[in-house]
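In: heads up, no residue letters with this:
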């Protein structure tokens, strides 16, 4: 509970986008299913509510499981929401993985184009009566989509070559570690220790 | 990483994007239709099979070691950075699938059809333990009790012996292995067909010569 409150406060302060998860009915359905299942499936039934035989132990266990899932999922959502494409590319650049950052940025920018390309291929096949032979149509669709994707890649390679881009060139910029980073590391290590101690009790 | 040219990185980005498009469109639709607690079969098998086929087709055009893992990393980042529901499960699944395919291809050393098939089978086969491992991580140890009780009640309701559950699990694993193997096979065939159409070499061909220092 305390951890959930800390996460919520963190979200309000630094990562409001991550809290959007709490507005999704699917998320609550995911969490509450476990609370609902617990009294029926864990422990011996000791409470009778009409036709239902429920277990208090199961209810407690269900709430615990739901709490754990809630905290983990929210923490993941908060972490990811505060991440941006430029951060990822900069991180890869600093780690000396310039090419991977380039590939990620390229992929993110081409998502719409590739979707459009696949849709056009499918519609063309459809309009020319290709769906009368589904297996041939599927094969044609896949070959055309992959071939078009690779042709598009050729254009990107040419554009990169014109700009003299080389992912293997240049030295990675070292990460500057300041005193504040050191304090943060000590704080995180302390929190990990406390959590491990609580888990061990 | 120095063996990777600009063309290699572009191709990795493109195939990562293709897998990402499938995950973001078909994957999202299937996750809405079949919620994670209710579904143990269709979504993982279908998404895994298609993902394997896309990533291994990419390997056809980037014959460098580690390229399939890199394609899966790009897809994972697309999944993470795109708007929409953030789900830990698919992200972990994509990364592990990529690592398993890469492991199979590393063992084979040079790209071969059997390596594609084994890699695909291993990757999609992972879907079965993945479900249980993720549930255990997210919900804790007591989820095992929930599954055991559900299994007992389910077998009682259907009039089956509990040991039949093992048979059902074995069949589910077999289906995944077959689908994955089929995905790998299709990737080999598709890669070859596209390479022939574009007049490019097969998977054993070394990377294209550098253009302007690295492209």
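Out: The structure has been received and is ready for your questions. This one's a predicted model, so the numbers in the text were calculated from it and none came from an experiment.
In: Can you get me a residue count around residue A:120?
Out: By other CB atoms under 10 Å in any protein chain shown, the residues close to residue A:120 number 13. Heads up, the C-betas are built off the backbone N, CA and C, glycines and all.
In: Tell me which helix or strand it sits in.
Out: Assigned by DSSP states H and E, residue A:120 belongs to helix A:98-127.
In: Now look at that helix and say if it contacts chain B.
Out: Yes. Judged by CB under 8 Å from any CB of the partner chain, helix A:98-127 comes into contact with chain B through A:99-100, A:102-108, A:110-111, A:114-115, A:118.
In: after that helix, next one along is what?
Out: helix A:134-162.
In: so for that next one, what's the average pLDDT?
Out: Taken as a whole, helix A:134-162 has an average pLDDT of 90.
In: who does that helix touch, helix- and strand-wise?
Out: helix A:98-127, helix B:6-22, helix B:164-198 (3 or more CB pairs under 8 Å, 6 or more residues apart in numbering or on different chains; DSSP states H and E).
In: Residue A:163: which of these is closest?
Out: helix B:6-22 (10.1 Å; CB to CB).
In: and the direction of that closest one versus that of helix A:98-127, what angle?
Out: 50 degrees (axes from the mean of the first three to the mean of the last three CA atoms, to 10 degrees).
In: How about helix B:6-22 and chain A, touching?
Out: Yes. With CB under 8 Å from any CB as the criterion, chain A is reached by helix B:6-22 at B:6-18, B:20-21.
In: Just the buried residues of these.
Out: B:6-18, B:20-21 (16 or more other CB atoms under 10 Å in any protein chain shown).
In: before we move on, the earlier item: of the helices and strands packed on helix A:134-162, flag the one that's most buried.
Out: Highest mean neighbour count of those: helix B:6-22, a mean of 28 (counted as mean count of other CB atoms under 10 Å in any protein chain shown).
In: if we can go back for a sec, got the angle between the helix holding residue A:120 and helix A:134-162?
Out: 140 degrees.
In: Over to the residue nearest the centre of chain A. Which of the three states is it?
Out: Closest to where the C-alpha atoms of chain A average out (CA atoms, centre = their mean) is residue A:80, at 6.6 Å. Following DSSP: H, G, I helix; E, B strand; the rest coil, we place residue A:80 in the helix state.
In: wait, doesn't it sit right on residue B:80?
Out: Yes. Under the criterion of CB atoms under 8 Å, residue A:80 makes contact with residue B:80 at 5.3 Å.
In: For residue A:70, which non-adjacent residue is spatially closest?
Out: Leaving aside its chain neighbours, residue A:70 sits nearest to residue A:31 (5.4 Å; criterion: CB to CB, 6 or more residues apart in numbering or on different chains).
In: ditto for residue A:101
Out: Once flanking residues are discounted, residue A:101 sits nearest to residue A:92: 3.4 Å by CB to CB, 6+ apart.
In: cool, residue A:32 as well?
Out: Per CB to CB, 6+ apart, closest to residue A:32 is residue A:66, 7.0 Å.
In: Would you confirm that that neighbour contacts residue A:30?
Out: No. With contact defined as CB under 8 Å, residue A:66 does not reach residue A:30; the gap is 9.1 Å.
In: and the lowest-mean-pLDDT helix or strand in chain A, anywhere near chain B?
Out: Taking mean pLDDT, DSSP states H and E as the measure, the helix or strand of chain A with the lowest value is helix A:2-14, at a mean of 78. No. Residues of helix A:2-14 are not located near chain B by CB under 8 Å from any CB, the shortest gap being 13.0 Å.
In: residues making contact with that helix?
Out: Residues external to helix A:2-14 that are found in contact with it (CB atoms under 8 Å, 6 or more residues apart in numbering or on different chains): A:18, A:19, A:67, A:70, A:71, A:74, A:75, A:78, A:82.
In: Could you list which of those belong to helices?
Out: The helices, defined by DSSP state H, take in A:67, A:70, A:71, A:74, A:75, A:78 from the contacts of helix A:2-14.
In: ok, the first one to chain B distance?
Out: The gap separating residue A:67 from chain B is 9 Å, by CB to the nearest CB, to the nearest Å.
In: Farthest from the middle of chain A: give me that residue.
Out: By CA atoms, centre = their mean, chain A has its most distant residue from the centre at residue A:50, 42.5 Å.
In: Next, residue A:53: secondary structure please.
Out: Assigned by three-state DSSP, the conformation of residue A:53 is strand.
In: So what's the residue count around it?
Out: Residue A:53 has 13 neighbouring residues, counting by other CB under 10 Å.
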